Every structure is written in structure tokens, then in C-alpha cells.
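In: build me a model from this:
(2 chains)
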Amino acid sequence: MGEVMATQTVQIVDRGRGPQLSNSRITVLDVFYYLHRGYDFEFIHRAMPSLTSAAFEAIVAYVKEHHGELVEKDRGADEFHRQSSIVQQGLGGIFAESSSNLSTEERVARLQDNMRQKLVEKNGAGHPD
Amino acid sequence: MPVILIDKNIEGQGTHIWLRMQSAPWSELTKVLDVIIRTFSEVGLEDSASDDEVWRFCQARGHYLLTSNRNLDSEESLEATIRREGTSSSLPVFTIPLPDRVYERAHVDRVIEKLFDYILNADNIAGVGRLYLP
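Out: Below is the predicted model:
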């Protein structure tokens, strides 16, 4: 008797990796990516099925108070990924950007050719005795 | 067997990619490459695991992390962990910078193609940190 029942609430906390949910590693920035681009809870929940409506509401409330700061961080993340992608693709070979003009069947055929080539190399075929 | 671990922030897209990988015309390659995609709960990781815990788990088990992670400048961020703990033999982290586009058929096929490219060339991708898809 007299025992206080603790209700479990979702909070926004910072454990050194930016604001995130207290009960999940999903961050405010993860969800803000979608909010900032006009997606609704239904779409975001499809991307993150473990995101409850209570957790979503906690993030929305946080976003209302920190919108400008989050826009800046989101822009920074976009720029970081864009620059890093350019550097990666600049290495060429397997790091080059995949062509956007191929059909799915052509992509599969290309990979199958690469796999066959790898097998030939692995088995030493083509090497003089 | 290459195992790809889906981060919590991209679980829906990871499942979408996995379903596409198991359907024609990708299913044969998926089978030959012996690739599987797993969730946190399937490998026994807590939903609230920190970035360094996830990173170390993947390195210890030989799993590739698939993420759309966007927190960069915090000291305990995934990016900071990669820079602090990564070595020349570390497994890369596959990053999808435009996760909303994964639901487009043409885009998901490019993601799978690039993923398979990297898995086919696993010997050449150690120590690179992040690898972007597609």
C-alpha cells in the first residue's frame, strides 16, 4: 500500500550521440530527416516500425523547440554524406557510383559476370603452367 | 556467410531490401553469395545499444552494419566511433544517405547491386569506414 506506480514515459535524452529516445537508439535527427521533408507518421513508422506514437510525439515536441538547430544539423549531415560520397566515388572501380541507366536484369548479369571472373581468378585459370 | 545488420533507424527499409533480395531476379545471386539480413532482435542486440556497442558487436561477429545514421559531431556518435576505433582491417559500415528513396524500385535495385558489388569484393573494402549505397 502507498507504493507509487512508476509510469513509463519516453523522453529525449543525450547520451553523447545527440538527442535520442530514452528507450531506443533512434535519434531525433533520424526522425527529423523525414519530418523536414514532409513525411507523416505513417511513412516514418514504415521506416522505423519500433517507433511508437508516444515516442514520435516526444520527438515532435522536441523539434518544435529546436527547429532551427535541427535544420542546421540536417543540412550538415546532408553535406557530409554528399562530400564523402564524392570522395568515395572518386576512387573508381568498385567504389564508383552505380549507373542509373541499367535495367535490373543488366545489373544482375553484370554481377554474375564479375562473380564468374572472381572464380576464374580464384582457381588460377588462365595462368601458364 | 555475409550478415548485414539493419540499424534501428532503417529497419523498414532493411526489411524492404531483404524482401527484394529474395525475389527475382535477385534471389539467385542472394543465394549464391549466401547473404542474409538480420535485425537487432534477431542477433540479440538491445534497441537502445550505443554506437560503440553496435560497432564493436559488428566487428566481433563479422557483421556489416546497414544504417542511415545522421548524427556526426557528437563524441559518442557512430562517425566518431568509426574514426576512433577503426583499423585497416575493420569492416565497413554501409550507409544509405537517402533512406526515403529505398522504396522506389529503381533505387532499391541500385542499392542491392552496390551492396553485392562490395560483398563480392570483401577483401578490398576493409578499413574504409563508411561505404555509401548506392
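In: now B:Gly89: how far from chain A?
Out: For residue B:89 the amino acid is Ser, not Gly. Separation of B:Ser89 from chain A (Cβ to the nearest Cβ, to the nearest Å): 18 Å. For every residue, glycine as well, the C-beta is placed using N, CA and C.
In: correction: the previous question concerned B:Arg105.
Out: 8 Å.
In: contacting residues around B:Gln13?
Out: Taking Cβ atoms under 8 Å, 6 or more residues apart in numbering or on different chains as the definition of contact, the neighbours of B:Gln13 are A:Ala47, B:Ile6, B:Ser68, B:Ile96, B:Pro99, B:Val102, B:Tyr103.
In: wait, B:Leu45 sits on B:Arg56?
Out: No. Counting by Cβ atoms under 8 Å, no contact exists between B:Leu45 and B:Arg56, whose distance comes to 10.9 Å.
In: list the buried residues for the host helix or strand of A:Glu106?
Out: Taking DSSP states H and E as the definition, one finds A:Glu106 inside helix A:104-123. Buried residues in helix A:104-123, counting neighbours by 16 or more other Cβ atoms under 10 Å in any protein chain shown, are found at A:Thr104, A:Arg107, A:Val108, A:Arg110, A:Leu111.
In: if you drop the residues flanking it in sequence, what lies closest to the fourth one?
Out: Leaving out its chain neighbours, the residue that sits closest to A:Arg110 by Cβ to Cβ, 6 or more residues apart in numbering or on different chains is A:Leu102, at 7.3 Å.
In: how about the first one?
Out: For A:Thr104, ignoring the flanking residues on the chain, the nearest one in space by Cβ to Cβ, 6+ apart is B:Asp109 at 4.8 Å.
In: in what element of secondary structure is that neighbour found?
Out: B:Asp109 is located in helix B:105-120, with elements delineated by DSSP H and E.
In: now do that helix and helix A:104-123, the angle between them.
Out: In this structure, helix B:105-120 runs at an angle of 0 degrees to helix A:104-123, with axes from the mean of the first three to the mean of the last three Cα atoms, to 10 degrees as the basis.
In: which other helices and strands does helix B:105-120 contact?
Out: Using 3 or more Cβ pairs under 8 Å, 6 or more residues apart in numbering or on different chains; DSSP states H and E as the contact criterion, the neighbours of helix B:105-120 among helices and strands are helix A:104-123, helix B:11-21, helix B:27-33.
In: of those helices, which is nearest B:Thr81?
Out: Nearest to B:Thr81 among those is helix B:11-21 (20.1 Å), distances taken as Cβ to Cβ.
In: separation between A:Arg82 and A:Ala54?
Out: Taking Cβ to Cβ, to the nearest Å as the measure, A:Arg82 falls 34 Å from A:Ala54.
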